[in-house]
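*Asks:* build me a model from this:
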Amino acid sequence: MNVLTAEWVAKAEGDYGSALREMRDPQDSNYDASCYHSQQSAEKYLKAYLQENNVAFPKIHDLRKLLRRCLRVDGSFSVPRSVVKQLDEYELRFRYPGDDATLVEAEAGYRAATQIRDVVRSKLGI
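*Replies:* Numbering: from 1, shown residues only. Purely as a prediction, here's the structure:
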């Protein structure tokens, strides 16, 4: 794994851990933050995969566009589009006032991030 890929993976893991902590803190759960970090973890994992395969990508947060680039590298990149769509919605929905995430949504976001994490880590051999 190249150095920049490893940095993307480290950042993705940081967000992944934050998503769980924000969801599970019995004293001060922050479901909005958990959803945000789940999306961020997935985004950074997709970027890690692209980086490792020397595929340029713009500074975007759109997981669907990133997934399309991953599929161009490997058509067997098996992440359900519904998972990506859900996390794309979380990227903005809970980031600003007006809508608060629930525990159910935070858990769903974390599961979605886990699916992407598992696929990318497998593809990267880690």
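*Asks:* hey, let's count contacts and neighbours off CA atoms from now on
*Replies:* Will do.
*Asks:* quick one, helices of this protein?
*Replies:* Listed from the start of the chain, the chain has helices (DSSP state H) covering 3-24, 31-52, 63-73, 81-93, 103-124.
*Asks:* would you format those helices as TSV with mean pLDDT included?
*Replies:* TSV is the format used below for those (pLDDT from 0 to 100):
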stretch	mean pLDDT
helix 3-24	97
helix 31-52	97
helix 63-73	94
helix 81-93	88
helix 103-124	96
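*Asks:* return the most buried member of those.
*Replies:* Scoring the helices of the chain by mean neighbour count under mean count of other Cα atoms under 10 Å gives helix 31-52 as the most buried, with a mean of 27.
*Asks:* tilt between that helix and helix 63-73?
*Replies:* Orientation note: helix 31-52 sits at an angle of 30 degrees relative to helix 63-73 (axes from the mean of the first three to the mean of the last three Cα atoms, to 10 degrees).
*Asks:* show me what helix 31-52 is packed against.
*Replies:* With contacts defined as 3 or more Cα pairs under 8 Å, 6 or more residues apart in numbering; DSSP states H and E, helix 31-52 has these neighbours: helix 3-24, helix 63-73, helix 81-93, helix 103-124.
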